[in-house]
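Asker: Model the structure of this input:
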Amino acid sequence: MATSGNKPLTTCSSGDTFRCPICLEEVRNPKYLLCLHTFCESCIQTYISSTAKCLDSMDSKSIDCPVCRKRIDAPRKDITDEEWATFLPQNKLIVSIWPNTKIANKQLCKFCEQKEKSVPAKYWCKPCRATICDECKALHEFVPILQNHKIVNMTDTKVCENDVEVEEFCSEHQGKIIDAFCHQHQKLCCCICLVKHHRLCAKVEALADIGIETEQHDVHKIISSFSELEKCIENMQEQNKTKIVDLSVMKQEICTDTEKAIHEITTLINNAHSGWIKVFEQTHADSVGILETASDELKRFSTTVRETKILLQSILESGSPKQLFITKQNQIARIVDHINRLISLDIWNFPEQYTKPDSNFLKQLLNRKKFEDVKLSKTPSGTIQAILQTVQKFVGKDIVQKKHENSQKDWMKINLKLVSDITLSAFVYYGLFIHDTIIILPFKNSSSLKLFDIRDCKGKCIHTEECPSKPSGLCHSRENESLSEIFVSFENFVVLYWIDIENGAKFLKLQTIQLNEPMLSISCGLATIFSANNDNVFICSRDFNVEYKATLRNTLFEVPFLSSSSKSDYHCFSKNNRVVVADRNNTTIFQSDKLLGNIRGLTFDLHDNILLCTRTSKLKQIRCGERRSRDIELDGISDSYNVVLHPTGEKIMVFDYNDKCCVYQVL
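Answerer: Here you go, the predicted model:
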């Protein structure tokens, strides 16, 4: 593969230049992180040296991507900053789509140079990405593995520039080339992925069979949408700048009027005024800070959009159909990941205006010993809605949209309306929503998984799936924002199922994972798996390898109860009748006061408050970090034992100890 060395990448035919997000210059020797953002090698090395930090519980280092802030861990504990930057993979795709860099200043045969010979080059070998001479061209004709290589004359620059083809390697299986696509899971696959994860999938297509006309049409629409999105972001940035100026002018006017009234008052009034200014300055700093933070996040997202648009435009012009399809899927996944990170930020209710306080300060001092603080009103900015509206033209993410809409509620004020209940023939302590109107429950007494239709006030069983042994914990895989893909724990092993409810409730077993530690309960977070048995709790990687282990000693009930947040890398569990919230490094973030009653099942809501059962007819809700709590009445429940939240936040499932399950609409 030919590399760019120290020469900058030139502009593509559209006039845009692929620039490094750090130095803002044309990217040199491009290196990319796991999130697919690309930088100059020297720039990312400097960034690593200045920002790399060690995790609290281990010696390994990590950085946050300068663009999307995704955490990137070092490949090994003892690596230096220089080695880390060198270790990062080169973005060969970006190098290859700028034709001027392929053969410029490379007039000598690259193979002969390795033998310390200087032989003029006459040809360009596209698979080797190197210039070659007559002798090396002849060698290609005699070596079987090289005979299919496409070799062109260096003077034919048009031929050199067409059909860019860079092999993409599987991120899960090192050295294996991506050569297929699973339509069921919307996943690019290598040969091992196909055997391991997609053997039973209904529609898997070889990349060689992807139609070029369909992909070109699809990418044209995406590029058009990205152009709209760039304009949308630019308009929002201008509105934010105007809002900052308006708020600053309003602040100055209020301060001036206030100071005129203060000049006639004594030292007490001056002292009160000083305190008032301090509060107001803080309010203003917070207001401007929200807008500046939002602008900074939009700038980072604009960088992601711009990079994606330039890359897709270049591949559309000079890439192969296979490369076009792979790049499109990778870039759409990156856009969705970045949008999910934006949605998780609590910064999109923008400061609107200040309310001027009553200037009768003397009366305020007599009654309250202080001035009335300036009031600040906020309004939803519409930023996320505008981004989602544009992105949904090429990415169908109903779950993401519904979750975002429901996250706008004040979850400390929600009410629950009973919509369906199920009388169970045996004790069941857990379940999942696999559709808006279908839930799945595990039955140990019959070693089965049962699907229940909850559209009517009385839920009914519509399918029973026999299991190899007694099922225990359940959780969504969170792999592709689908409710149909779930992990089921059988204590010593975990099975990944795909449940096809559109074709007669078919269970497809995608993968079986043997466990090194028994796991009765499992919960999938943003980046980790949280699990437990009656002796220990575990924080695991996505393939259930244990990263942290702590003692639990559960003796109160049959299984341990736990939950992972869909908003952050937090998980929660109960210990000594307290609720404990910890992060992915097992550091305690929050611990509630000791609660009355017996804590059983618990879950996070969409604001990371905790909903928990205490074997009463009520559901307790605790605001995370504040210890403030309230009780929510439960129709149909007398002995609440566990609670499960729909991933979009629109419904809640509560289990009664007396063999009953109730489903509620969140209001």
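Asker: rest of the way, CA atoms for contacts and neighbours
Answerer: OK.
Asker: any idea which helix or strand comes after the lowest-mean-pLDDT helix or strand in the chain?
Answerer: The weakest-scoring helix or strand in the chain, judged by mean pLDDT, DSSP states H and E, is helix 100-103 (a mean of 44). Following helix 100-103 in sequence order, the next helix or strand is helix 110-114 (DSSP states H and E).
Asker: and the following helix or strand past that following helix, which strands flank it?
Answerer: Sequence order places strand 123-125 as the next helix or strand after helix 110-114, per DSSP H and E. Here strand 123-125 has these sheet partners by DSSP bridges: strand 130-132 (antiparallel), strand 151-153 (antiparallel).
Asker: What strand or helix carries residue 465?
Answerer: Short version, using DSSP H and E: residue 465 is in strand 460-466.
Asker: how about that strand as PDB, C-alpha atoms only?
Answerer: Taking Å, rounded to 0.1, in the frame of the first residue of the first chain, the C-alpha atoms of strand 460-466 are listed here in PDB:
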ATOM      1  CA  LYS A 460     -52.100 -14.000  26.800                       C
ATOM      2  CA  CYS A 461     -49.300 -16.400  26.000                       C
ATOM      3  CA  ILE A 462     -48.700 -16.700  22.200                       C
ATOM      4  CA  HIS A 463     -45.600 -18.900  22.100                       C
ATOM      5  CA  THR A 464     -43.500 -21.200  24.300                       C
ATOM      6  CA  GLU A 465     -39.900 -21.900  23.500                       C
ATOM      7  CA  GLU A 466     -38.300 -24.900  25.100                       C
END
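Asker: Check which residues of it are buried.
Answerer: Neighbour-count burial for strand 460-466, counted by 16 or more other C-alpha atoms under 10 Å, picks out 460, 463, 464.
Asker: residue closest to the middle of this structure?
Answerer: With distances taken as C-alpha atoms, centre = their mean, residue 337 lies nearest the centre of the chain, 4.3 Å away.
Asker: On the pLDDT front, check that one for me.
Answerer: pLDDT recorded at residue 337 is 82.
Asker: and residue 521, what does it touch?
Answerer: Listed by C-alpha atoms under 8 Å, 6 or more residues apart in numbering, the contact set of residue 521 reads 472, 473, 474, 489, 531, 532, 533, 559, 560, 561, 562.
Asker: The fifth one: neighbouring residues, count only.
Answerer: Looking back up the chat, that one is residue 531. Neighbour count for residue 531, taken as other C-alpha atoms under 10 Å: 29.
Asker: Just grab the bridge partners of it for me.
Answerer: Bridge pairing for residue 531 - DSSP bridges - gives residue 522, residue 538.
Asker: isn't it right up against residue 538?
Answerer: Yes. Residue 531 lies in contact with residue 538 (C-alpha atoms under 8 Å); the separation is 5.2 Å.
Asker: Next, show the common contact partners of the two.
Answerer: What both residue 531 and residue 538 touch, as defined by C-alpha under 8 Å, 6+ apart, is an empty set.
Asker: by contact count, what packs against whichever strand in the chain runs longest?
Answerer: When every strand of the chain is counted residue by residue (DSSP state E), the longest turns out to be strand 506-519. Counting contacts by 3 or more C-alpha pairs under 8 Å, 6 or more residues apart in numbering; DSSP states H and E, strand 506-519 packs against helix 191-197, strand 491-500, strand 529-532.
Asker: From the contact counts, what lies against the first one?
Answerer: Just to be clear, that refers to helix 191-197. Using 3+ C-alpha pairs under 8 Å, 6+ apart as the contact test, the elements touching helix 191-197 are strand 506-519.
Asker: Only the C-alpha atoms, please, for the strand it packs on, written as CSV.
Answerer: Extracted C-alpha coordinates of strand 506-519, given in CSV (Å, rounded to 0.1, in the frame of the first residue of the first chain):
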residue,chain,number,x,y,z
LYS,A,506,-39.3,-17.9,15.6
PHE,A,507,-36.3,-18.2,18.0
LEU,A,508,-32.9,-18.2,16.1
LYS,A,509,-29.9,-19.1,18.3
LEU,A,510,-27.1,-16.8,17.1
GLN,A,511,-24.4,-17.6,19.6
THR,A,512,-23.6,-19.6,22.7
ILE,A,513,-21.0,-18.2,25.2
GLN,A,514,-19.5,-20.3,27.9
LEU,A,515,-19.0,-18.5,31.2
ASN,A,516,-16.0,-18.6,33.4
GLU,A,517,-18.1,-17.6,36.4
PRO,A,518,-21.8,-18.5,37.0
MET,A,519,-24.1,-15.6,36.2
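Asker: Listing partners with orientation, what would you give for it?
Answerer: Paired strands of strand 506-519, defined by DSSP bridges, are strand 491-500 (antiparallel).
Asker: For the strand it pairs with, give me every contacting residue.
Answerer: 471-472, 484-489, 505-520.
Asker: before we move on, back to that, got CSV for the contacts of residue 521, with pLDDT and distance to residue 319 too?
Answerer: Formatted as CSV, the contacts of residue 521 follow (pLDDT from 0 to 100; distance: C-alpha to C-alpha, whole Å):
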residue, pLDDT, distance to residue 319
472, 88, 48
473, 89, 46
474, 92, 43
489, 94, 44
531, 91, 44
532, 89, 48
533, 87, 51
559, 74, 54
560, 84, 53
561, 88, 51
562, 90, 48
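Asker: Restricted to strands, list those residues.
Answerer: Using DSSP E, the contacts of residue 521 in strands are 474, 489, 531, 532, 562.
Asker: bridging residues for the first one?
Answerer: Think residue 474. Where residue 474 sits in a bridge, its partners, by DSSP bridges, are residue 488.
Asker: tell me the contacts of residue 343?
Answerer: Counting by C-alpha under 8 Å, 6+ apart, the residues that residue 343 touches are 384, 404.
Asker: ok, now how distant is it from residue 384?
Answerer: 7 Å (C-alpha to C-alpha, to the nearest Å).
Asker: can you check residue 550 too?
Answerer: 39 Å.
Asker: okay, the two: which has more neighbours?
Answerer: A count of neighbours by other C-alpha under 10 Å puts residue 384 above the other of residue 550 and residue 384, at 16 against 12.
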